[in-house]
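> Model the following, please.
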Amino acid sequence: MKIKNILVLLYLFTSFACSQKIYNQTFEYNQDNIKVQGKVDSTIISIIAPYTKIINKYMQDTLCYTKYDLTKDSPESTIGNFVTDLCLNYAQADICIMNKGGLRTNIYKGYVTREKIYELMPFENELVTLEINKETFKSLINYIVNQGGEPFSGMTIIASKNEKTIYMDSIVNIDNHFKNNNHITVLTSDYLANGGDNMYFFKEIKQNKLNLKLRDVIIDYCSQMDTLKVTLDNRIQINYE
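Numbers count the residues shown, from 1 in each chain. As a prediction, this is how the structure comes out:
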């Protein structure tokens, strides 16, 4: 794992360092402009050059193939379904919730490389589980509907919404859990569990850390697949009144 991290750091470094250009950058503070010029150090380039091919080969490894474009849409998306569905294979949880902003790019039809997953998930976010009660769950559903949809798995939401109120017509797969328990288990990222992207209702809840990076989980899943199978299944339906 340490070797992999070093390779990734070198890869990111060489992405910026290998161009023989002079970079002009402007930094602004109040009304003062400071122009900084710097030339690439050829000595550094020569030192890291032997590793460049290794890094590129590592990042260009083909993990699997997708027959269809996986894209970000609302209220439901193929890229969102893909990520949240696969995450539930790695934890004991009732539902999984992510955010659209955390999935940084689309994955288009063709071979899926390791580099593409790094572009999709460039952050070091880790998976955590939370035990939430019914009130927090209602806050989560309201959030998803108000956002016009967010990536989730493990339930189906059918809701009606006007300018002031959200009416829950049906929440399939979850109602039975609350009949037998006073909580459900939610799988999410540590960023969202800490209240990121305005998910403040998670902030004070104890986190169970799984020691799994979201990006590593996606890579592991893809490496076990030959061809990805992702569909839209109407897991969220919002009727606007």
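> OK, contacts around the closest residue to M168 other than its chain neighbours?
The shortest distance from M168 to any non-neighbouring residue, by Cβ to Cβ, 6 or more residues apart in numbering, is to A159 (5.6 Å). No exception for glycine: its C-beta is placed from N, CA and C like everyone else's. Contact analysis of A159 by Cβ atoms under 8 Å, 6 or more residues apart in numbering lists I141, V145, I166, Y167, M168, D169, I236, Q237, I238, N239.
> buried residues in the longest helix along the chain?
Looking across the chain with DSSP state H, the single longest helix is helix 42-59. Within helix 42-59, the residues scored as buried using 16 or more other Cβ atoms under 10 Å are I55, Y58, M59.
> Does K116 touch I107 like I think?
Yes. Using Cβ atoms under 8 Å, K116 is in contact with I107, at 5.9 Å.
> Tell me the spacing between the closest residue to R235 other than its chain neighbours and Y191.
In this structure, R235 finds its nearest non-sequential neighbour in T156, 4.9 Å apart by Cβ to Cβ, 6+ apart. T156 sits 25 Å away from Y191, going by Cβ to Cβ, to the nearest Å.
> The two - which one has more neighbours?
Between T156 and Y191, counted using other Cβ atoms under 10 Å, the more crowded position is Y191 (20 against 15).
> Touching, that one and N125? I think so.
Yes. The criterion here is Cβ under 8 Å, and Y191 meets it with N125 at 5.2 Å.
> any common contacting residues for those two?
With Cβ under 8 Å, 6+ apart as the test, Y191 and N125 both reach G102.
> And this structure, split by domain according to the record?
2-59, 63-240 (automatic domain parsing).
> Which of the ones you listed has the lowest mean pLDDT?
Least confident of the domains of the chain, judged by mean pLDDT, is domain 2-59 with a mean of 61.
> hang on, the earlier thing: quick check: which of the domains of the chain is buried the most?
Comparing these by mean neighbour count (mean count of other Cβ atoms under 10 Å), domain 63-240 ranks first with a mean of 17.
> My guess is N208 contacts T129. True?
Yes. With contacts counted by Cβ under 8 Å, N208 reaches T129, the gap being 4.5 Å.
> rewinding a little: I'd like to know which of the contacts of A159 is nearest to M121.
Of all the contacts of A159, I236 has the smallest distance to M121: 21.9 Å, by Cβ to Cβ.
> What's the separation between the nearest residue to I79 once chain neighbours are set aside and S77?
Of all residues not flanking I79 in the chain, L70 sits nearest, at 4.3 Å (Cβ to Cβ, 6+ apart). Per Cβ to Cβ, L70 is found 8 Å from S77.
> Then Y191?
Taken as Cβ to Cβ, the span from Y191 to S77 is 19 Å.
> Equivalent analysis for S46, please.
Distance of S46 to S77, given as Cβ to Cβ: 45 Å.
> Check T62 too.
Taking Cβ to Cβ as the measure, T62 and S77 are separated by 24 Å.
> before we move on, what about N211?
Distance, N211 to S77, using Cβ to Cβ: 28 Å.
> ok, back up a step: got the contacts of A159 as TSV, with distance to Y200 and secondary structure columns?
Output for these, formatted as TSV (distance: Cβ to Cβ, whole Å; DSSP: H, G, I helix; E, B strand; the rest coil):
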residue	distance to Y200	secondary structure
I141	15	helix
V145	16	helix
I166	17	strand
Y167	23	strand
M168	20	strand
D169	26	strand
I236	21	strand
Q237	26	strand
I238	22	strand
N239	27	strand
